[in-house]
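> Need a 3D model of the following:
(chains A, B and C)
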Amino acid sequence: MKKNNQDFFDRVYKVVEQIPYGKVTTYGAIAEVCGIKSAARTVGWAINGASSELPCHRVVNRFGALTGKVHFGDPNLMEELLRAEGVEFLEDGCVDMEKHLWKPKSINN
DNA sequence: TGAGTGACTGTAA
DNA sequence: CTTACAGCCACTC
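Numbering: from 1, shown residues only, chains lettered A, B, ... in the order given. Next up, the predicted model:
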């Protein structure tokens, strides 16, 4: 019962859309809210096939590193977008998770 | 149908 | 401490 794969994608889209301005979240957090915390890798796939309207630049790995920046077409674009939103970066090139980490809540559809 | 890959994470050595 | 391996789920060849 219930579709699984498609539903997972749909959930990912909704979660990413809920990311507030100037905030970021992690793949694991999204996957967990989607019901499969172990599917962090699949979250990346879902975002990869998502619409351009999706703020995928606010999605980073658990370290805050912009691992998906290469998929934006320009490696600097992701960082520029986040900086434009007021997101601070550490010397490591990672997002300041302590200040900008946003924990997604239940989808609640 | 089966094997390989990937925008991740966690544990082991 | 750093490096390697395995697990997880969905997609493509």
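> which other residues reach stretch A:39-55?
For stretch A:39-55, contacts defined as CB atoms under 8 Å, 6 or more residues apart in numbering pick out A:8-9, A:12-13, A:16-17, A:19, A:26-28, A:30-31, A:34, A:36, A:56, A:59, A:68, A:71. (Glycine included, C-beta is placed from N, CA and C.)
> Any regions of chain A where pLDDT drops low?
For chain A, applying pLDDT under 70 flags the ranges A:1-4, A:108-109.
> List only those of the contacts of stretch A:39-55 flagged as buried.
By neighbour count, with 16 or more other CB atoms under 10 Å, the contacts of stretch A:39-55 hold A:8-9, A:12-13, A:16, A:19, A:26-28, A:30-31, A:34, A:56, A:59, A:68 as buried.
> Among those, which are located in helices?
A:8-9, A:12-13, A:16, A:27-28, A:30-31, A:34 (DSSP state H).
> DNA strand B next: which of those are close?
Contacts with DNA strand B within these, counted by CB under 7 Å from any atom of the strand: A:27-28.
> could you dump the ones in helices among the buried ones among the contacts of stretch A:39-55 to CSV with distance to A:Ala50?
Formatted as CSV, these follow (distance: CB to CB, whole Å):
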residue, distance to A:Ala50
A:Phe8, 12
A:Phe9, 8
A:Val12, 7
A:Tyr13, 6
A:Val16, 7
A:Tyr27, 13
A:Gly28, 18
A:Ile30, 12
A:Ala31, 15
A:Cys34, 13
